[in-house]
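In: sequence first, then the predicted structure, then my questions.
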Amino acid sequence: MIQVRELLKMPLFQNFKLIAGENGLDQQLSNVVILEYESVNNSYHVFNPGDFILTSLFFAVNDPDSIVPALRNVINRQIAGIAIKTVFFDDIPMEIKQYAYEKQIPIFTFKDVYMEDLILCVNNFLKLKQHFLVNENNIDKLVNTIGSPEFIQNIVKEINPLFFPNVTVAYVTPKDEKSNIEFTSYFYELFYKNYTSAISTHYSYIKYQSGMFIIYTAPDSAQTEASVFTNLLHSIKLNSQLFYIGISEQMNSYSDFHIAIKMSISANQFAQMNHLNISYYKDIGIYKWIAPLANECTLKNDYKNLIHKIKEYDTNFKSNLWDTLIVFIQNNGEYSKTAQELYQHPNTIRYRIKKIQEITNLNEDLYMQLYICVKLYLLSLNSNL
């Protein structure tokens, strides 16, 4: 099932006008049907919960008073919404608008679109939604499950049986709310237009969490990651300025697909933290090792508790320990550089770091522990997972 609001992100629905029931856009839709003659025969039992109804109100051309009882009856069937093609009527009675609001059923008007095209579009989208929900589950298995090479290869082939063994993966996430709106609209349009070809080729688009994987495979390993994705991003008209894109190294075996996926996630987290449009896994240095740990539950609890102690001290005593620590880490633990940047005496910085040590009870390898803790914390803040 899909939410009614998701329909509005698809091209055929973008000119729909919401005229009532604006509080019902989260209604779950499972089918699209047409209402034309059922009201004449009182056959409202043919409508089911989750139906999204299309109608021109043709049945009411000679009897406008029949609109209210007809729409009341279908609304009472717990439908998902109603869309009225403005062929015969430009509006509906206020009584129905109020009733739609009470029942949280959205009502739209539209024109210049064939109902048959809308039905085909929604039915395809429902299939698509099921398709990428299955693939999102498959990605979860690859990311979170330790399996045999045979298990991994079976999951890979389930995602796309035409994948080649040489794989490069990009993980794409929106930069902000504006980008997120465009991303969601773009993603659904991409699927709607390219679904048939996308599942019959060597690459796939998979929605995952708040982003999208682009999984590109090739019969050989001659092309570089950069050239592959420069061409692919250009071909699907993705504006890289609006997104964070993390790109894996190329892996050369079906059993290593999960590694490429994890690489792209780590590269994406690095891109977010450093505000980069595109980040390649091969260039992220120590974050190759740190990024995969940022969302490990036990470790996450530890470093967040430690950071909380520092920030709580700052709140209670109006101090600047956390800000000092960030600059201290950025300057590789050099007291003089940190002091210069913060316009403080080096002894003040030493005092603050000593206070952090007392608060956190860290002893041996103080800088190393603080470095890892801060980096993990910052990565977690910039993670969409």
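Out: Perfect, thanks for sending it.
In: okay, CA-based contacts and neighbour counts for the rest of this
Out: Will do.
In: measure I359 to E22 for me?
Out: Distance from I359 to E22, counting by Cα to Cα, to the nearest Å: 51 Å.
In: so between the two, which is more surrounded?
Out: E22 (16 against 13; other Cα atoms under 10 Å).
In: V143 against A260, yeah?
Out: No. Here V143 does not reach A260: they are 9.9 Å apart, not a contact under Cα atoms under 8 Å.
In: so between those two, which is more surrounded?
Out: Per other Cα under 10 Å, whichever of V143 and A260 has more neighbours is A260, with 23 against 16.
In: quick one, strands of the stretch 51-200 of the chain?
Out: Remark: strands assigned in the stretch 51-200 of the chain by DSSP state E, counting those that start in this stretch are 51-55, 81-85, 107-110, 166-174.
In: of all the ones you listed, which one is nearest N15?
Out: Nearest to N15 among the strands of the stretch 51-200 of the chain is strand 107-110 (6.8 Å), distances taken as Cα to Cα.
In: how distant is that closest one from the center of its chain?
Out: 28 Å (Cα atoms, centre = their mean, to the nearest Å).
In: what are the ranges of the strands in the stretch 201-350 of the chain?
Out: Along the stretch 201-350 of the chain, the segments classed as strands by DSSP E, counting those that start in this stretch run 203-208, 211-218, 243-247, 278-280.
In: out of all residues in this protein, which is the farthest from the middle?
Out: Centroid-distance maximum for the chain: N62 at 47.8 Å, with Cα atoms, centre = their mean.
In: ok, now how distant is that one from Q209?
Out: Separation of N62 from Q209 (Cα to Cα): 50 Å.
In: low-confidence ranges, the stretch 201-350 of the chain, go.
Out: 222-237 (pLDDT under 70).
In: if we use 80, what do you get?
Out: For the stretch 201-350 of the chain, the stretches flagged by pLDDT under 80 are 201, 203, 220-240, 295.
In: I figured K309 was touching T360, is that so?
Out: Yes. K309 lies in contact with T360 (Cα under 8 Å); the separation is 6.9 Å.
In: quick check: I290 touching L378?
Out: No. Checked against Cα under 8 Å, the pair I290 and L378 is beyond contact range at 11.0 Å.
In: which residues are common contacts for the two?
Out: Listed as contacting both I290 and L378 by Cα atoms under 8 Å, 6 or more residues apart in numbering is no residue at all.
In: what about Q27, how many residues nearby?
Out: When counting by other Cα under 10 Å, one arrives at 21 neighbours for Q27.
In: what sits closest to K157 if chain neighbours are left out?
Out: Closest residue in space to K157, ignoring its immediate chain neighbours: F163 at 7.0 Å, by Cα to Cα, 6 or more residues apart in numbering.
In: what about the one you found, how many neighbours?
Out: By other Cα under 10 Å, 23 other residues sit near F163.
In: could you check how far it is from Q153?
Out: Counting by Cα to Cα, the separation of F163 from Q153 is 10 Å.
In: what's the closest non-adjacent residue to D90?
Out: Excluding its sequence neighbours, the residue lying closest to D90 (Cα to Cα, 6+ apart) is T109, at 7.7 Å.
In: all helices of the stretch 201-350 of the chain, in order?
Out: For the stretch 201-350 of the chain, the helices defined by DSSP state H, counting those that start in this stretch cover 225-235, 257-274, 287-290, 297-317, 321-330, 335-342, 346-360.
In: nearest to Q27, out of those?
Out: Across those, closest to Q27 is helix 257-274 (Cα to Cα), at 32.2 Å.
In: tell me the spatial nearest neighbour of L325, not counting adjacent residues.
Out: Counting by Cα to Cα, 6+ apart, I353 is the residue found nearest to L325 once chain neighbours are left out, at 7.2 Å.
In: I'd say the one you found and W322 touch.
Out: No. If you go by Cα under 8 Å, I353 and W322 don't touch, sitting 9.7 Å apart.
In: separation between the residue nearest to L325 and H202?
Out: 53 Å.
In: and those two? Which one has more around it.
Out: More neighbours surround I353 than the other of I353 and H202, with 22 against 19 (other Cα under 10 Å).
In: buried residues in stretch 285-298?
Out: By 16 or more other Cα atoms under 10 Å, the buried positions in stretch 285-298 come out as Y287, K288, A291, P292, L293, A294, N295.
In: run through the residues that contact the third one.
Out: A291 sits next to S266, Q269, F270, L376, L379 when contact means Cα under 8 Å, 6+ apart.
In: can you redo these as CSV with distance to M1 and neighbour count?
Out: Formatted as CSV, these follow (distance: Cα to Cα, whole Å; neighbours: other Cα atoms under 10 Å):
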residue, distance to M1, neighbour count
S266, 31, 30
Q269, 31, 31
F270, 34, 29
L376, 37, 22
L379, 34, 25
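In: would you reformat those as JSON lines and include distance to P219?
Out: Formatted as JSON lines, the contacts of A291 follow (distance: Cα to Cα, whole Å):
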{"residue": "S266", "distance to P219": "25"}
{"residue": "Q269", "distance to P219": "29"}
{"residue": "F270", "distance to P219": "29"}
{"residue": "L376", "distance to P219": "37"}
{"residue": "L379", "distance to P219": "35"}
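In: if we can go back for a sec, distance of the residue farthest from the centre of the chain from I215?
Out: 56 Å.
In: repeat that for N295.
Out: 23 Å.
In: contacting residues for F89?
Out: Taking Cα under 8 Å, 6+ apart, one finds S56, L57 in contact with F89.
In: ok, 10 Å please
Out: Residues in contact with F89, defined by Cα atoms under 10 Å, 6 or more residues apart in numbering, are S56, L57, F58, A60, V61, P64, T109.
In: show me the shaky parts of the stretch 51-200 of the chain.
Out: In the stretch 51-200 of the chain (pLDDT under 80), the answer is 124-125, 127-132, 145-147, 176-200.
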